[in-house]
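Q: The sequence and its predicted three-dimensional model are supplied below.
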Amino acid sequence: MLESMLKNKQRITEPYMHPTFITLDASLFPIEGPWRMIIHSLVPLALFAVMLNLGVLGACVMRRFDKPMVFYISLCVIADTLWVCVITATFVRGLLGVKRRVYFNECLGHVYSIDCVAHSQLLIQWIMDVDRYWAIFWPYSYARFMSKKRGMFFLAFCLISSGIIIKMFNGIFASLLYFCKHELIISEAVCMVGFLLKISCGGKTSANLHVLIVTYSLYILLTTTIIFTSWRIIHTCTKSSSSKFSNKAVHTCFTQIMAFVVKIGSRMAFVISVRLGDHGIPFRLILYIICMFAAPIADPLIYGLRTKEIREPFTRLYQRYGCLLVST
């Protein structure tokens, strides 16, 4: 009798390896007063961000990807569009549902899709920095490699494929976590690896190490790359006798720095806040919104206003249809 009671107790307290469902409990998020207007404005804001990115993508298509930077900018706005669609859909659905149950495999799908798009954005930013540095300091080898457009397609394919493969391990490690309850409650609106690690009671060491190594390695790689390349370009331009070359190189350099600061700043603020622990509910909601829309809105504005290759198609369209409207 005693032995059977001990076995039942052990079975009850034994961690669940695969919980049946996860509850996204966003009931603590403010939904009254001005917060209601903010929450309801997320969908129109997402549509605005998507339209901005599609506009820049249309300009890249009109240029027929004639330059590698135009092709990389098109990849950047595609990644930003996917980011807006994925994160806004999961966030708004979880927030408006207040308490929404998702199956564990569905939660892993959220984790994988969000991480893949997020890291694709950072990898594309990195390849744009490398492309700029290569074009300035080794123009002959750069022109030879990119002459038939195969080089830029090859680099982009290898980089994005490697990022997708690496992020597959996030879902694998998350599936190996142990949980002490049959029902898990995440007091957030989306599923992310960091939240799953917080509520797991076992098997988190390998997953935590993988997330830390991959995430922070990518941040360190991108940060060191843009600091080094920007310093070299600015240092070289100050000693160059060609003012036209110097102005163009510095202009491109500061364009990349602006996009980098917006992208990394919003992501690092979110990652650090998740790692440090709980914060005020309004602060978390504001941080979510900044992380969702900072890069997708800033990137098309920065590249559209500061990149000549993106401005020219819009200028031609305005001149063509503007004259027709005036004449009519």
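A: Received, thanks. Just so it is clear, the model here is predicted, and its values are computed rather than measured.

Q: I'd say residue 99 and residue 24 touch.
A: Yes. Using CB atoms under 8 Å, residue 99 is in contact with residue 24, at 7.3 Å. Backbone N, C-alpha and C define where each C-beta goes, glycine included.

Q: For the stretch 1-150 of the chain, just list every one of the helices.
A: Taking DSSP state H, counting those that start in this stretch as the criterion, the stretch 1-150 of the chain carries its helices at 2-13, 34-40, 42-62, 68-96, 104-137, 139-146, 150-175.

Q: Of all those helices, which one is nearest residue 301?
A: With CB to CB as the criterion, residue 301 lies closest to helix 42-62 of the helices of the stretch 1-150 of the chain, at 6.9 Å.

Q: before we move on, back to that, which of residue 99 and residue 24 has more neighbours?
A: Set side by side, residue 99 and residue 24 show more neighbours around residue 24, with 27 against 11, by other CB atoms under 10 Å.

Q: Once you drop chain neighbours, what's closest to residue 250?
A: With CB to CB, 6 or more residues apart in numbering as the criterion, residue 250 has its nearest non-adjacent residue at 5.3 Å, and that residue is residue 237.

Q: Could I get the buried residue list for the helix or strand hosting the one you found?
A: Assigned by DSSP states H and E, residue 237 belongs to helix 204-239. By neighbour count on 16 or more other CB atoms under 10 Å, the buried set for helix 204-239 is 204, 207-208, 210-211, 214-215, 218, 222, 225-226, 229-230, 233, 237.

Q: Nearest to residue 37, out of these: which one, please.
A: Distance to residue 37 across the buried residues of helix 204-239 (CB to CB) is lowest for residue 215, with 33.6 Å.

Q: Can you name the residues that contact the residue most central in space within the chain?
A: The chain has residue 118 as the residue nearest its centroid, 2.8 Å off, counting by CA atoms, centre = their mean. Contacts for residue 118 (CB atoms under 8 Å, 6 or more residues apart in numbering) come out as 83, 267.

Q: got it, and the one 10 residues further on?
A: Remark: with contacts taken as CB under 8 Å, 6+ apart, residue 128 is in contact with 69, 72, 73, 76, 256.

Q: how about low-confidence regions in the protein?
A: The model of the chain has pLDDT under 70 over residues 1-18, 26-36, 96-98, 170-171, 241-242, 245, 273-281, 321-328.

Q: Repeat the analysis, applying 50 as the threshold.
A: For the chain, the stretches with pLDDT under 50 are 1-2, 5-13.

Q: I figured residue 101 hits residue 20, correct?
A: No. Counting by CB under 8 Å, residue 101 stays clear of residue 20, with 9.1 Å between them.

Q: re earlier: mind checking how far the residue nearest to the centre of the chain is from residue 179?
A: Using CB to CB, to the nearest Å, residue 118 is found at 24 Å from residue 179.

Q: returning to that earlier point: closest one to residue 193 out of the contacts of residue 128, please.
A: Distances from residue 193 to the contacts of residue 128, taken by CB to CB, are shortest for residue 76, at 23.9 Å.

Q: if I look at the closest one, how far off is residue 260?
A: For residue 76, the distance to residue 260 equals 12 Å [CB to CB].

Q: and for the two, which residues touch both?
A: Here residue 76 and residue 260 have residue 125 as joint contacts, going by CB under 8 Å, 6+ apart.

Q: More neighbours: which of those two?
A: With neighbours defined as other CB under 10 Å, residue 76 and residue 260 compare such that residue 76 has more, 27 against 21.

Q: got the contact list for that one?
A: Shown in contact with residue 76 (CB under 8 Å, 6+ apart): 121, 124, 125, 128, 259, 299, 303.

Q: same check, this time on residue 289
A: By CB under 8 Å, 6+ apart, the neighbours of residue 289 are 38, 42.

Q: how close does it sit to residue 80?
A: Using CB to CB, residue 289 is found at 15 Å from residue 80.

Q: Same check on residue 199?
A: Plainly put, residue 199 is 30 Å away from residue 80 if you go by CB to CB.

Q: between these two, who's got more neighbours?
A: With neighbours defined as other CB under 10 Å, residue 199 and residue 80 compare such that residue 80 has more, 28 against 17.

Q: The more buried one against residue 301, yeah?
A: No. Residue 80 lies out of contact with residue 301 (CB under 8 Å); the separation is 11.2 Å.

Q: Next, residue 147: phi, psi?
A: In terms of degrees, to the nearest 10, the main-chain angles of residue 147 are phi -60, psi -40.

Q: meant to ask about residue 63
A: The phi/psi pair for residue 63 (degrees, to the nearest 10) is phi -80, psi -10.
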